[in-house]
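**Q** This is a predicted model, with the sequence first.
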Amino acid sequence: MSDFATETPPVNGVILRLLDQLRRHPKRVVFTEGEDIRVIRAAARLVKEEVIAPILLGNRDRIRALAAEHAVPLTFIHIIDPPSASDFKLFCQRVENMDRYRTRQLGNPAEIVARPHYFGALMVQYGQADALVGGNQAMPAAFFRALLHTIKPLPNVPKIFGVSILVGSHLNNLGSSGLLLLADSGLIPNPDVSELAAIALETGKLAHHFLGRKPLVAMLSHSTKGSAGTPDARRMAAAAALAQAEANKHFLDIDIEGELQADVALDPEAAEIKMPAAGFRPTADVLVFPNLDAAHISLKLLQHVANAQNYGQLILGLSRPAAQVPRTASVETIFGTAAMIAVEAIKFHQLYQDNYSE
C-alpha cells in the first residue's frame, strides 16, 4: 500500500482520538529524512492540526525547494542541517564520550553526528525533541543501528522490537476497538520465552495507552490451548504464562492469553466453537507472533490484500520514543505514525521515570 499521492484522506476515528490528546499536550517530533515530499506534507498536516512541532533534518535549500515545488507551506516547521547545527560540536563530544565505554568504537565523531539518523537520535536522547520518526529513505538496518548506538535501552526489556498498528473500519474483527497491534513485526527473528513475554507486556502497555482500557494480548500459534503439543506451541504457552505472572506482579491492567490460533484470538464465534468452556471472549487487541517471518508476512497480507491502514512500526525497548516507517510509506502512514509516537511520548515520563534521566 505505498502511497505517493497528494490527496489527504479522511482522518480515521483512532487518529482523531490521538490528535485530541496531542492538542492538549503537543510534542516535538524530529524526522530524520526531511528531504522527502511525503515527510514535508505530513509535517504540514501536523502543524495544521496543531498537534506537533515538526523538526526536519536535511539540507535547508533542498527542503525549501521541494516544498515550494509542491506548494506545501513550511510555517512552524523547523529545519536543521546537522553539519551546520549549533549543537553539532556538543553532539560530537557526546559521541566521543560514549566511545570511551564501548569495546567497539563508532568511528570519527564528526562523520557519525553528520548522519541524520544519529543526529536525530541524539536530539531525542538529550531532550531536544520528544520523539523520532525515520526510515522513509533508508535501509532499516542503518536506521536501527543509529538508535541502538545512541539511545539508552530499557533495562527490563531483553531486546528492542517493533510494533505495527493496523486500522481498518471496513474489516471485521480487526481489534475490538478498530485498532490492532502486531508484534514483533521487524526486529527479533526467533524470540525466546523471556523475549516473547517482554514483547507481550510492553505492547500491552502501549495498547492500554491508546485504548484507555484493559487490552487483550493473544500469543499466537498453530495451536489453541494444547491442541498441538509442538515445541513452538509450548513456547508460546510458556511465554503467555510468564507475561501474565509479570503483569499481575506489577498490577498491570493487561490480559494475556495463549497459546491461541489466529481465528480464536480475533473471531469470538470461532473462539466459542474451539473453546466452548471459556464462554464469550472479546477480540484481541494485540497479536504476539512466534517469529518475525509470521509477523511480517501477516502484516503485509493485511496491508496489501485486506487494505488495512498501517502505522509504525513503533520501536519499543528504548528509553526514548522512536518509530520506523518503511520506504514505501504513504503520507498518511508518516502522519499517523508521528501522531502515535508523540502520544507515547506524552506518558513516557509516567511509565519510565527512573530511566528517563540523562
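**A** Alright, I've got the coordinates.
**Q** For the chain, which residues score under the pLDDT cut-off?
**A** Residue ranges of the chain with pLDDT under 70: 1-11, 99-105, 349-358.
**Q** Tell me where it has helices.
**A** For the chain, applying DSSP state H gives helices covering 13-24, 37-48, 60-69, 88-99, 109-114, 116-125, 140-150, 193-211, 231-249, 262-266, 268-274, 292-304, 331-351.
**Q** ok, for residue 260, nearest residue in space, not its chain neighbours?
**A** residue 218 (4.9 Å; CB to CB, 6 or more residues apart in numbering). Just so you know, the C-beta spots here come from the backbone N, C-alpha and C atoms, and that holds for glycine as well.
**Q** Residue 324 now?
**A** residue 135 (4.0 Å).
**Q** any idea which residue of the protein is furthest from its center?
**A** Largest separation from the mean C-alpha position in the chain: residue 277, at 35.8 Å (CA atoms, centre = their mean).
**Q** Look up how far residue 271 lies from it.
**A** Distance from residue 277 to residue 271, counting by CB to CB, to the nearest Å: 11 Å.
**Q** returning to what we had before: beta partners of the residue nearest to residue 260?
**A** Beta-bridge pairing for residue 218 (DSSP bridges): residue 257, residue 287.
**Q** and it, how many neighbours?
**A** 27 (other CB atoms under 10 Å).
**Q** show me what contacts it?
**A** Shown in contact with residue 218 (CB atoms under 8 Å, 6 or more residues apart in numbering): 257, 258, 260, 264, 265, 266, 284, 286, 287, 288.
**Q** And those, which is closest to residue 192?
**A** residue 288 (13.0 Å; CB to CB).
**Q** re the thing from before, ok, the residue farthest from the centre of the chain to residue 129 distance?
**A** From residue 277 to residue 129 the distance is 51 Å (CB to CB).
**Q** Next: residue 177.
**A** 29 Å.
**Q** Of the two, which one has the most company?
**A** residue 129 (25 against 19).
**Q** check contacts around the more buried one.
**A** 28, 29, 30, 55, 120, 123.
**Q** and which of the contacts of residue 218 is nearest to residue 166?
**A** residue 287 (9.6 Å).
**Q** Would you mind measuring from the closest one to residue 176?
**A** Counting by CB to CB, the gap from residue 287 to residue 176 is 13 Å.
**Q** Please parse this structure into its domains.
**A** Following automatic domain parsing, the chain resolves into domains at 13-152+319-355, 161-301.
**Q** Export those as a markdown table, with columns for distance to residue 312.
**A** Shown next, in a markdown table, are these (distance: least, CB to CB, whole Å):
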| stretch | distance to residue 312 |
| --- | --- |
| domain 13-152+319-355 | 5 |
| domain 161-301 | 5 |
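**Q** Among the ones you listed, which comes closest to residue 313?
**A** Closest among the domains of the chain, once you apply CB to CB, is domain 161-301, at 3.6 Å.
**Q** now the closest one, how far from the centre of its chain.
**A** Relative to its parent chain, domain 161-301 has a centroid offset of 16 Å by CA atoms, centre = their mean, to the nearest Å.
**Q** Check stretch 307-317 too.
**A** Per CA atoms, centre = their mean, the centroid offset for stretch 307-317 relative to its chain is 5 Å.
**Q** Please apply the same query to stretch 125-145.
**A** Worked out by CA atoms, centre = their mean, stretch 125-145 lies 11 Å from the chain centre.
**Q** returning to that earlier point: isn't the residue nearest to residue 324 right up against residue 326?
**A** Yes: taking CB atoms under 8 Å as the definition, residue 135 is a contact partner of residue 326 at 6.7 Å.
**Q** check contacts around residue 35.
**A** 58, 59, 62, 63, 66, 137 are the contacts of residue 35 under CB under 8 Å, 6+ apart.
**Q** who touches the residue lying closest to the last one once chain neighbours are set aside in this structure?
**A** Looking back up the chat, that one is residue 137. Once flanking residues are discounted, residue 137 sits nearest to residue 33: 4.4 Å by CB to CB, 6+ apart. Contacts were defined as CB under 8 Å, 6+ apart; by that measure residue 33 touches 39, 57, 58, 116, 134, 135, 136, 137, 138.
**Q** what's the distance between residue 33 and residue 261?
**A** Counting by CB to CB, the gap from residue 33 to residue 261 is 39 Å.
**Q** Check residue 57 too.
**A** 44 Å.
**Q** Those two: who's more crowded?
**A** Taking other CB under 10 Å, residue 57 and residue 261 do not tie; residue 57 has more neighbours (26 against 21).
**Q** what's the neighbour count on the residue lying closest to that one once chain neighbours are set aside?
**A** In space, residue 57 comes closest to residue 116 once its chain neighbours are excluded; the distance is 4.2 Å by CB to CB, 6+ apart. Residue 116: 25 surrounding residues under other CB under 10 Å.
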